[in-house]
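Enquirer: Next comes the sequence, and after it the predicted model I'd like to discuss.
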Amino acid sequence: MQRVLVVDHHDSYTYNLVHLIASVTGQLPDVIQHDDPSQASRWRRGYSHLVLSPGPGTVNDPDDFAVGRAVLAESTVPVLGVCLGMQGLVAEFGGRVEVVAPAHGEVAAVTHTATGLFEGLPQGFAAVRYHSLAAVEVPDQLEVTAWCNGPTGTVTMGVAHRSRPLVGVQFHPESVLSVGGRRLIENFLSA
Amino acid sequence: MTREVSPDLPWVDPEDFFMAQVAGRRRSFWLDGEGARPWSGTRSYVGWLEDDEPSLTLHPHSGVVRQHDAWSSYEVGSDIFEVLGERVGSESSAARWVGYLGYASRRDLPARVDADPGAVPDACWLRAERWVEFDHGAQTVRAVAPAGDLAAWQETVRMLLAFSDPAPTLVDSAAAQHVTRVGKDEYAAAFSAVQEQLRRGNSYETTLTFRRGVTSSASPLDTYRRLRRLNPAPYAAYLHHLGTSVLSSSPERFATISADGLIETRPIKGTTPRASDPRADAAAADRLRSDEKFRAENLIIVDLLRNDLSRVCEVGSVRVTDLMHVESYPAVHQLVSTIQGRLRAGTSTLEAVHAIFPGGSMTGAPKERTMQIIADVESSPRGVYAGALGWVDDDGSADLAIVIRTIVHDGATYVLGTGGAVTVRSDLEEEYAETTWKASRLLEALGATEPSTQW
């Protein structure tokens, strides 16, 4: 039985992700706020999968990204980071997340390794981007699993840890104009 | 208790009826169906409260909710959603609550409130048991009342209709004066502060707005009569409560909720001005449909509204039934999307409205952080503007507009809000110009002229 916990970063797309997950598992995941001190150890309590939601701000500021660092450092169960959540994964392992050319509500064509989260997804699938910060340097422990073209070169759209079950996507699989979001979540939940 | 509707009564124009029988009453409403679209109702609802019937207000500065009769009031709480929620459907009645929730009605979210003790209420609701329905399509009038009261009410309405002479001819409004407005420099500074927040990842889109104050010797009701001619709109309305008047020509649906729990929202994001030349006008509509800037503006809000509905709807029930459709109004073309869902069992209408309030098209996304940005960069409280206006019935059904293209009169001064969505693709001059297209018909109704918009 999959028991999923979603860590919300006060975002306005989290419940789209919550419904997408529920459409796969058949039940609503639990949701906590990332900065709720009363819930700071909730993620340790027997969940099969953890999800770090999108959100405003930067992973370099603990006010914007609080419990996520501990989750990424210590979790033994699979973790999916979306947007801010993926940036947290990159930052946790020593990569750099910086302001880039913003893409708010842009539909990107995503190329990928066809492994892990992206198994079975077509090359160049449409995915919606809502971000102005991005992983500009990805550490060695992580593999870049997806990317798209930006105005000044390639933008990282997906990463996976090489030895631990930690994955992330920069785009929003839960957006109404993203393709393959359900398959991506199925891939994550079968890990 | 159930509601009863009379047989068809002879047609009288609701404007004539309102002027003859309702104007001058202390608490009254006219939800105006004249400017209906195929997707909105074609009916006008006209009503008023007798002296002992209750209404509610939320006082901006103190945060106190008061219950009123015509001449006195007392404190009943501090959360308008809770107070209204306790009253809707709780009594054995078939009443309709008509009113508005101002932008700052949810006190748990960041929003500026008016510090002036005499400011217009941040929320106001009138409980009507009896009203008059005018079907503009069928040209019929019906009296509506609780079961058992209909016979008497029907006779009253029949009499009032018979004595409703044509309304006095409208004369041109006297020249009005702007008393407050946000200058271009101030707008430019706020715009640039928003751009910085967008780049830093604190917002993907921010609805940046400001208020204008106008003085005019014209009465609120005459001003509304002019507005409904100049800018017919599906959510046109005139609401009057103890010295406050709200004059709406809103085209935007915040939410409809059916008694069996279907919820629909219809956010507008993306605006181009109308042109007098038909070819240029069609080109403006095409640009709205295809330009990436407008599509992104709309998409951001569609995903936000899907999120907000998902908080209270059944898994799998939230659907976008119409994505980015162009709808044209006298002054502007608008890009509109429709999102529907099925409320989870046990979710009340007021709980649903609370969950999605204020409307995402008036905040931007993500909502909470972006509302903080708005509170920081806008120089005046939004008041009624950017909230919701309409009705909620005892059976749980509701129809609420977003408060835009709306003039508020506090008994002395007219105030109107205007603004638009700012994204990283927005152009300062175009955004400022957009606020003037949106205000143009409202200013015309007031007889105020817009100073030059050149930089």
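Expert: Arrived safely.

Enquirer: and chain A, which residues reach chain B?
Expert: Within chain A, the positions near chain B by CB under 8 Å from any CB of the partner chain are A:10-16, A:18-19, A:22-23, A:28, A:54-58, A:99, A:102, A:104-106, A:128, A:130-133, A:172, A:174-177. To be clear about C-beta, it is placed using only N, CA and C from the backbone, and glycine gets the same treatment.

Enquirer: Could you tell me which of these are located in helices?
Expert: A:Thr14, A:Tyr15, A:Asn16, A:Val18, A:His19, A:Ala22, A:Ser23 (DSSP state H).

Enquirer: Now the buried members of those.
Expert: Those of these that meet the buried threshold are A:Thr14, A:Tyr15, A:Asn16, A:Val18, A:His19, A:Ala22, by 16 or more other CB atoms under 10 Å in any protein chain shown.

Enquirer: pretty sure the fourth one is touching A:Asp11, no?
Expert: Which is A:Val18. No: taking contacts as CB atoms under 8 Å, A:Val18 lies outside contact range of A:Asp11: 10.9 Å.

Enquirer: Buried ones among the residues of chain A next to chain B?
Expert: A:10-16, A:18-19, A:22, A:28, A:54-58, A:102, A:104-106, A:128, A:130-133, A:172, A:174-177.

Enquirer: Could you count how many residues lie near A:Gln33?
Expert: A:Gln33 has 16 neighbouring residues, counting by other CB atoms under 10 Å in any protein chain shown.

Enquirer: what are the phi and psi values for it?
Expert: phi -90, psi 140 (degrees, to the nearest 10).

Enquirer: Which strand or helix spans the closest residue to B:Ala119 other than its chain neighbours?
Expert: Distances taken as CB to CB, 6 or more residues apart in numbering or on different chains place B:Pro60 nearest to B:Ala119, at 5.0 Å, with adjacent residues excluded. In the assignment (DSSP states H and E), B:Pro60 maps to no helix and no strand.

Enquirer: ok, how many other residues are close to B:Pro60?
Expert: Using other CB under 10 Å, the number of residues around B:Pro60 comes to 23.

Enquirer: And for B:Val46?
Expert: Count around B:Val46 with other CB under 10 Å applied: 23.

Enquirer: What of B:Ser219?
Expert: 13.

Enquirer: List the residues that contact residue 69.
Expert: I'll assume chain A. Shown in contact with A:Arg69 (CB atoms under 8 Å, 6 or more residues apart in numbering or on different chains): A:Pro62, A:Gly88, A:Glu92.

Enquirer: Chain B is the one I meant
Expert: Contacts for B:Asp69 (CB under 8 Å, 6+ apart) come out as B:Asp51, B:Asp52, B:Glu53, B:Pro54, B:Ser55.

Enquirer: Equivalent analysis for A:Asn60, please.
Expert: A:Asn60 touches A:Ala91, A:Val97, counting by CB under 8 Å, 6+ apart.

Enquirer: Equivalent analysis for B:Glu129, please.
Expert: B:Glu129 neighbours (CB under 8 Å, 6+ apart): B:Glu53, B:Ser93, B:Ala94, B:Ala95, B:Arg96, B:Ala145, B:Pro146, B:Asp149.

Enquirer: most surrounded residue in those?
Expert: B:Arg96 (25 neighbours).

Enquirer: neighbours of B:Gly41, just the number please.
Expert: 18.

Enquirer: now it, what's its secondary structure?
Expert: coil (DSSP: H, G, I helix; E, B strand; the rest coil).

Enquirer: ok, now which ones touch the residue nearest to it when sequence neighbours are not counted?
Expert: The spatially closest residue to B:Gly41, leaving aside those adjacent along the chain, is B:Gly33, at 5.7 Å (CB to CB, 6+ apart). Taking CB under 8 Å, 6+ apart, we find B:Gly33 in contact with B:Ser40, B:Gly41, B:Thr42, B:Arg43, B:Ser44, B:Tyr45, B:Phe134, B:Asp135, B:His136.

Enquirer: Apply 7 Å and report the result again.
Expert: B:Gly41, B:Thr42, B:Arg43, B:Ser44, B:Phe134, B:His136 (CB atoms under 7 Å, 6 or more residues apart in numbering or on different chains).

Enquirer: Is it correct that it falls within a helix?
Expert: No: the assignment for B:Gly33 is coil, going by three-state DSSP, so no helix is present there.

Enquirer: distance of it from chain A?
Expert: According to CB to the nearest CB, to the nearest Å, B:Gly33 and chain A sit 32 Å apart.

Enquirer: is it true that B:Glu430 lies in a helix?
Expert: Yes: counting by three-state DSSP, B:Glu430 is found in a helix.

Enquirer: So which one of the contacts of B:Glu129 is the model least confident about?
Expert: The lowest pLDDT within those belongs to B:Ser93, with 76.

Enquirer: Count the neighbours of A:Asp63 for me.
Expert: If you count neighbours by other CB under 10 Å, A:Asp63 ends up with 9.

Enquirer: which residue ranges form the strands in chain A?
Expert: In chain A, the segments counted as strands under DSSP state E are A:4-8, A:30-33, A:49-52, A:79-82, A:96-112, A:125-137, A:142-150, A:153-161, A:166-169.

Enquirer: Name the residues of stretch B:408-419 that are buried.
Expert: Neighbour counts over stretch B:408-419 (16+ other CB under 10 Å) mark B:Val408, B:His409, B:Asp410, B:Tyr414, B:Val415, B:Leu416, B:Gly417, B:Thr418, B:Gly419 as buried.
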